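Peer 1: Could you work out the structure for the sequence below:
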Amino acid sequence: MIALNNQWQQFATDFENRNNYVVGKSEIDRIKTRLSKFYGTGHVLELGCGNGTYTKVMADNAESVTATDVSKEMLNVCQKRLCDCDNVKTQLADGFNLPYRDNSFDTLFMANLLHVVPEQNKLLKECHRVLKPFGQVIVMSVTMYKMSLINRAKLLYRYHKTYGKKPTHSTVLTPDLCQSLFNASGFELKNQELLGTNTHALLCQGIKR
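Peer 2: Residues are numbered from 1 along each chain as shown. All right, here's what the predicted structure looks like:
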């Protein structure tokens, strides 16, 4: 299991408040509203669910959501938070070596994960393996792409104040990078959107070829 060389699990109990501060609650609410527009997602596998910030949104329009993370602490918070959601189950799983058969899920969802992991192509190829034919991958990541210099500086200040240094392998996810990663991993890019005002998030949707 890849630990990603970060300290996220120690923030499990107050991860929501920390992210609301770093990204902005209004920006996160805007992301949630956009994600709620994905209908007919079927059986969803979520990687890096964290404390479940976006899990409930995906569960509202899915037959089921399997919410996974490498952190037991995060999963405990997620499970308690979503205990009333009958179509959600949590599971400890490493995205680079998923414990699921080929062609198991209709939708693969990850939020704020792809830009902080090493070997991004390897992760996406594992996503490709567990998706059914013509299944979809939905990636959302906060990004500094096309943010103003002042808003970039403010975001970096809030991030370092809250979490410290970024992982050394962290990247800025851009439309070109996302398209390149999708193409190399067997996905056809279907849609890309840049969300947000002061803080940006890139939303990418691909279909398994």
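
Peer 1: Pick out the residue nearest the middle of the chain.
Peer 2: The centre of the chain sits closest to Ala111, judged by CA atoms, centre = their mean, with a distance of 1.4 Å.

Peer 1: Relative to Leu35, how far out is that one?
Peer 2: Separation of Ala111 from Leu35 (CB to CB, to the nearest Å) stands at 8 Å. Just so you know, the C-beta spots here come from the backbone N, C-alpha and C atoms, and that holds for glycine as well.

Peer 1: I'd like the distance between the residue lying farthest from the centre of the chain and Glu193.
Peer 2: Seen from the C-alpha centroid of the chain, the residue lying at the greatest distance (CA atoms, centre = their mean) is Ile150, 25.6 Å away. According to CB to CB, Ile150 and Glu193 sit 23 Å apart.

Peer 1: Ok, Ser185 next?
Peer 2: For Ser185, the distance to Glu193 (CB to CB) stands at 20 Å.

Peer 1: ok, the two, which is more surrounded?
Peer 2: Ser185 (21 against 12; other CB atoms under 10 Å).

Peer 1: Can you check what pLDDT the model gives the more buried one?
Peer 2: At Ser185, the pLDDT value in this model is 97.

Peer 1: State the helix or strand in which the closest residue to it other than its chain neighbours lies.
Peer 2: The shortest distance from Ser185 to any non-neighbouring residue, by CB to CB, 6 or more residues apart in numbering, is to Leu124 (3.6 Å). Assigned by DSSP states H and E, Leu124 belongs to helix 120-130.

Peer 1: Test my guess that Val65 contacts Thr90.
Peer 2: No - contact between Val65 and Thr90 fails when scored by CB atoms under 8 Å: they sit 9.3 Å apart.

Peer 1: Looking at those two, which is more packed in?
Peer 2: Val65 (29 against 24).

Peer 1: where does that one land in three-state SS?
Peer 2: Under DSSP: H, G, I helix; E, B strand; the rest coil, Val65 falls in the strand class.

Peer 1: Check it and give its pLDDT.
Peer 2: The model's pLDDT for Val65 equals 98.

Peer 1: what's across from it in the sheet?
Peer 2: Val44, Val88 (DSSP bridges).

Peer 1: what residues are up against it?
Peer 2: Contact analysis of Val65 by CB atoms under 8 Å, 6 or more residues apart in numbering lists 44-46, 55, 58-59, 85, 87-89.
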